[in-house]
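Visitor: here is the input, now give the coordinates:
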Amino acid sequence: MSTSIRFKLSFMMFLEFFIWGAWFVTLGSFLIKNLNASQFEISNVFSTQSLGAIIAPFIIGMIADRYFNAERILGILHLAGAFLMFQMYKAVDVAVFYPYVLTYMILYMPTLSLVNSVSFRQLTNPEKQFSSIRVFGTIGWIVAGFTISLLGWDSSDGAADGALKNTFLMASVASLVLGLFSFVLPKTPPVKVADGEKPSFASMVGLDAITLLKDKNYLVFFISSILICIPLAFYYQNANPFLLEIGLTNATGKMAIGQVSEAVFLLLLPILFVRFGFKKTIMIGMLAWVVRYLMFAYGNAGDLSFMLIIGIALHGICYDFFFVSGQIYTDAKAGLKYKSAAQGLITLATYGIGQLIGFWVAGFIGEKYQGIKATDVAGFWQQTWIVPAGIAFVVLIIFMILFKNEKIESKTV
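Guide: The predicted structure follows:
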């Protein structure tokens, strides 16, 4: 792979995740401080990510993957995204904001698959080369978080002045840059299968892989994956507002520790996966969710701030040990015929259905304890975090009892 192509793919990944990290991390805080949103309104806004994940296969499967070069549709989607981000920057209330964020997420979620498509088509040895390209996406997310804290947009003074809305302006500019840059990316035309026909839409969205659910072990894993996304949604929706409201300094920058942890454990996962096996690896990931939320529930921004940092740093174990291990397990169980369809199915179930339920549950819990918040902010957040800790613990017990240990062999590991 030439240096020029490596730079283009790395810069593409950097911007792709810089854009997401530039506004999504602080979205909950923005909705509370700038738009005075209720807990249910916040849940509706966050749910647009799940709706985007559900609708994304239609865009990729029925339009982009059939008629257009991947890099061109990537550019068009990000140019449209730049406009929508600018409209979100100007929004003065949730009613105005919501249609723009919904449309944006429907257009953005497909780009996560498109950047992978553009990359894989240029790699001669994806198993060895992709991680060195993809890591720039994690770096982009980290840089976005540090930039927000460095500029003070998430500080108490910045929030009071409405500075959090600048995150959308920053994301808009980055989206514009990536939109234009996409047109100089390596050409990635649609690929025809051996018989000259396009893959069926059912296979693209994972419907062909439903047959895997006949396997009891995989069914247990599948249901557990949906359920564990409920506590995951609590983190996305509440972590930044929580850290800011209890007074943790440079909260958004410190949240980037989670992405650093994710990168480190992603590199360690193949070794740990072989050492512990699939079931124990998954259970460690579930247990990490329980510990993380208990750290949030009983930590504070003072003498117990180390508990908050540990909770943030556990993100690598929480995410990699469950979701990445789950992708490996799915790949091994699917076999050659259903590999792509199975990954589509598990993605639709987790980022689509699972998190959609999770955001609604998080909104319900936030609204339920809202009365406490006026007089006891710390108490409000303690009650809020205990709920996902309990859910994660129940899922852990269900998985431990019902999932039968089995040896997993995959070329991915």
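Visitor: residue contacts, the nearest residue to residue 400 once chain neighbours are set aside?
Guide: Nearest non-adjacent residue to residue 400, counting by C-beta to C-beta, 6 or more residues apart in numbering: residue 283, 6.1 Å away. Where you see a C-beta, it was placed from the backbone N, CA and C, and this is true even at glycine. For residue 283, the contacting residues are 396, 399-400, by C-beta atoms under 8 Å, 6 or more residues apart in numbering.
Visitor: what helix or strand is residue 283 on?
Guide: If you go by DSSP states H and E, residue 283 is part of helix 278-298.
Visitor: so residue 305 is in contact with residue 298, correct?
Guide: No. Counting by C-beta atoms under 8 Å, residue 305 does not reach residue 298; the two are 12.0 Å apart.
Visitor: quick one: residue 230 from residue 387, how far?
Guide: Applying C-beta to C-beta, to the nearest Å, the value for residue 230 to residue 387 is 9 Å.
Visitor: any common contacting residues for the two?
Guide: Residues within reach of residue 230 and of residue 387 at once, by C-beta under 8 Å, 6+ apart, are residue 361.
Visitor: so, low pLDDT: which residues of the stretch 201-350 of the chain?
Guide: Residues of the stretch 201-350 of the chain meeting the criterion pLDDT under 70: 201-208, 335-341, 343-344.
Visitor: coming back round to it: any idea how far the residue nearest to residue 400 is from residue 79?
Guide: Residue 283 sits 44 Å away from residue 79, going by C-beta to C-beta.
Visitor: what's the first helix or strand after the top helix by length along the chain?
Guide: The longest helix of the chain (DSSP state H) is helix 216-245. Using DSSP H and E, the helix or strand that follows helix 216-245 in sequence is helix 251-255.
Visitor: what's that following helix packed up against?
Guide: helix 126-150, helix 216-245, helix 305-313 (3 or more C-beta pairs under 8 Å, 6 or more residues apart in numbering; DSSP states H and E).
Visitor: what's the most buried one of the ones you listed?
Guide: Highest mean neighbour count of these: helix 216-245, a mean of 22 (counted as mean count of other C-beta atoms under 10 Å).
Visitor: which residues does residue 357 contact?
Guide: Contact analysis of residue 357 by C-beta under 8 Å, 6+ apart lists 226, 229-230, 233.
Visitor: now distance to residue 113 too, for these, in JSON lines please.
Guide: JSON lines is the format used below for the contacts of residue 357 (distance: C-beta to C-beta, whole Å):
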{"residue": "226", "distance to residue 113": "21"}
{"residue": "229", "distance to residue 113": "19"}
{"residue": "230", "distance to residue 113": "24"}
{"residue": "233", "distance to residue 113": "21"}
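Visitor: from these, which is closest to residue 51?
Guide: residue 233 (13.1 Å; C-beta to C-beta).
Visitor: that closest one and residue 397: what is the separation?
Guide: 20 Å.
Visitor: run the angle between the helix or strand hosting residue 7 and helix 126-150 for me.
Guide: If you go by DSSP H and E, residue 7 is part of helix 3-23. Angle of helix 3-23 versus helix 126-150, following axes from the mean of the first three to the mean of the last three C-alpha atoms, to 10 degrees, is 40 degrees.
Visitor: going by contacts, tell me the helices and strands next to helix 3-23.
Guide: Using 3+ C-beta pairs under 8 Å, 6+ apart, the elements in contact with helix 3-23 are helix 70-90, helix 94-120, helix 126-150, helix 166-181.
Visitor: what's the neighbour count on residue 122?
Guide: 19 (other C-beta atoms under 10 Å).
Visitor: equivalent analysis for residue 402, please.
Guide: Neighbour count of residue 402, defined by other C-beta under 10 Å: 14.
Visitor: equivalent analysis for the one 5 residues further on, please.
Guide: The criterion is other C-beta under 10 Å. On that basis, residue 407 has 7 neighbouring residues.
Visitor: leaving out chain neighbours, which residue sits closest to it?
Guide: Closest residue in space to residue 407, ignoring its immediate chain neighbours: residue 277 at 7.2 Å, by C-beta to C-beta, 6+ apart.
Visitor: what separation do you get for the one you found and residue 288?
Guide: Going from residue 277 to residue 288 by C-beta to C-beta gives 17 Å.
Visitor: repeat that for residue 100.
Guide: Taking C-beta to C-beta as the measure, residue 100 falls 35 Å from residue 288.
Visitor: try residue 295
Guide: According to C-beta to C-beta, residue 295 and residue 288 sit 10 Å apart.
Visitor: what do these two both touch?
Guide: residue 314.
Visitor: and the longest helix of the chain, what does it pack against?
Guide: Applying 3+ C-beta pairs under 8 Å, 6+ apart, one finds that helix 216-245 contacts helix 27-33, helix 39-59, helix 251-255, helix 278-298, helix 325-347, helix 355-368, helix 377-402.
Visitor: before we move on, back to that, convert the helix holding residue 7 to PDB, retaining C-alpha atoms only.
Guide: What follows is helix 3-23, C-alpha atoms only, in PDB (Å, rounded to 0.1, in the frame of the first residue of the first chain):
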ATOM      1  CA  THR A   3       2.200   6.100   1.500                       C
ATOM      2  CA  SER A   4      -0.400   8.400  -0.300                       C
ATOM      3  CA  ILE A   5      -3.200   5.800   0.100                       C
ATOM      4  CA  ARG A   6      -2.300   5.100   3.700                       C
ATOM      5  CA  PHE A   7      -2.400   8.800   4.500                       C
ATOM      6  CA  LYS A   8      -5.800   9.300   2.700                       C
ATOM      7  CA  LEU A   9      -7.400   6.300   4.500                       C
ATOM      8  CA  SER A  10      -5.900   7.400   7.900                       C
ATOM      9  CA  PHE A  11      -7.100  11.000   7.500                       C
ATOM     10  CA  MET A  12     -10.500   9.700   6.400                       C
ATOM     11  CA  MET A  13     -10.800   7.600   9.600                       C
ATOM     12  CA  PHE A  14      -9.500  10.500  11.800                       C
ATOM     13  CA  LEU A  15     -12.200  12.900  10.500                       C
ATOM     14  CA  GLU A  16     -15.000  10.200  10.500                       C
ATOM     15  CA  PHE A  17     -14.600   9.700  14.300                       C
ATOM     16  CA  PHE A  18     -13.500  13.200  15.100                       C
ATOM     17  CA  ILE A  19     -16.900  14.400  13.700                       C
ATOM     18  CA  TRP A  20     -18.800  11.900  15.900                       C
ATOM     19  CA  GLY A  21     -16.800  12.600  19.000                       C
ATOM     20  CA  ALA A  22     -17.000  16.400  18.500                       C
ATOM     21  CA  TRP A  23     -20.700  16.600  19.400                       C
END
